[in-house]
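[1] Compute the structure for the input listed below.
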Amino acid sequence: MYMDFEFQPLLKNELIRIQPLQSADFETLYAVASDPLIWEQHPNKSRCQRPVFENFFRGAMESGGAFLVYDAGKDCVIGSSRYTELDQKNNSVSIGYTFLARDHWGGAYNPALKTLMLDHAFRFVNEVVFKIGSNNIRSQKAIERLGAIKTGEADIVYFGEEAKPNFLYSIFKTDWISRKHPG
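    This next block holds a predicted model:
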């Protein structure tokens, strides 16, 4: 099952639709990412600048697991996320590099996105890992609301960037299933 992991499926629910990121999506995604407030708590606050975002986008394309995220109701691009680091030894995959347009913060969109991605991942692995910048309180709280537990700290090297302090969080398949289907 592990070896069959599909890194870029088309997924959707009532709020979110995600599809594989394509090189032609750069300008559309940069229009969202150019808002400096999106990055204010992220490890690299300069990602709103075009040359820095070009590096971020190149890393997304090379990852083979990046998505363009749409508001399903309005059919407009609102951000990106990706799967990375499929780990056979630990039967895990990482979800990260997520950002959403500010008008989609604080509501149901991020949980809807993560639910799509978690449901898909748990068809193949037993653990999903999140690496979140140590100063990114907003993302830490959001992932904790989904049931993630903090498992450690590490300096993480993002594509083409220097290492930055991150907190590591995990959600395990058994916990995810019991949260979705209590009792």
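
[2] and the longest strand for the chain?
    In the chain, assigned by DSSP state E, the strand with the most residues is strand 76-87.

[3] which outside residues touch that strand?
    By Cβ atoms under 8 Å, 6 or more residues apart in numbering, the surrounding residues in contact with strand 76-87 are 2, 5, 7-8, 18, 21, 25, 28-29, 31-33, 60, 63, 65-71, 92-101, 103-104, 109, 113, 117, 121, 125, 129. Just so you know, the C-beta spots here come from the backbone N, C-alpha and C atoms, and that holds for glycine as well.

[4] ok, now stretch 47-57?
    Residues from elsewhere that reach stretch 47-57 (Cβ under 8 Å, 6+ apart): 26, 29-30, 33-36, 38-39, 44, 46, 97, 158-161.

[5] quick one on the thing from earlier: tell me which of the contacts of strand 76-87 fall in helices.
    Thr28, Leu29, Ala31, Val32, Ala33, Ala60, Ser63, Tyr109, Leu113, Met117, Ala121 (DSSP state H).

[6] What subset of those residues is buried?
    Burial by neighbour count, 16 or more other Cβ atoms under 10 Å: within the ones in helices among the contacts of strand 76-87 this picks out Leu29, Val32, Ala33, Ala60, Ser63, Tyr109, Leu113, Met117, Ala121.

[7] per-residue pLDDT, Met61?
    Looking at Met61, its pLDDT reads 97.

[8] Run a quick check on it versus Phe26, I expect a contact.
    No - the criterion here is Cβ atoms under 8 Å, and Met61 misses it with Phe26 at 9.0 Å.

[9] Need the residues touching each of those two.
    What both Met61 and Phe26 touch, as defined by Cβ under 8 Å, 6+ apart, is an empty set.

[10] Just list the residues touching Glu127, thanks.
    Taking Cβ under 8 Å, 6+ apart, one finds Asn90, Asn91, Ser92, Val93, Ser170, Ile171, Phe172, Lys173 in contact with Glu127.
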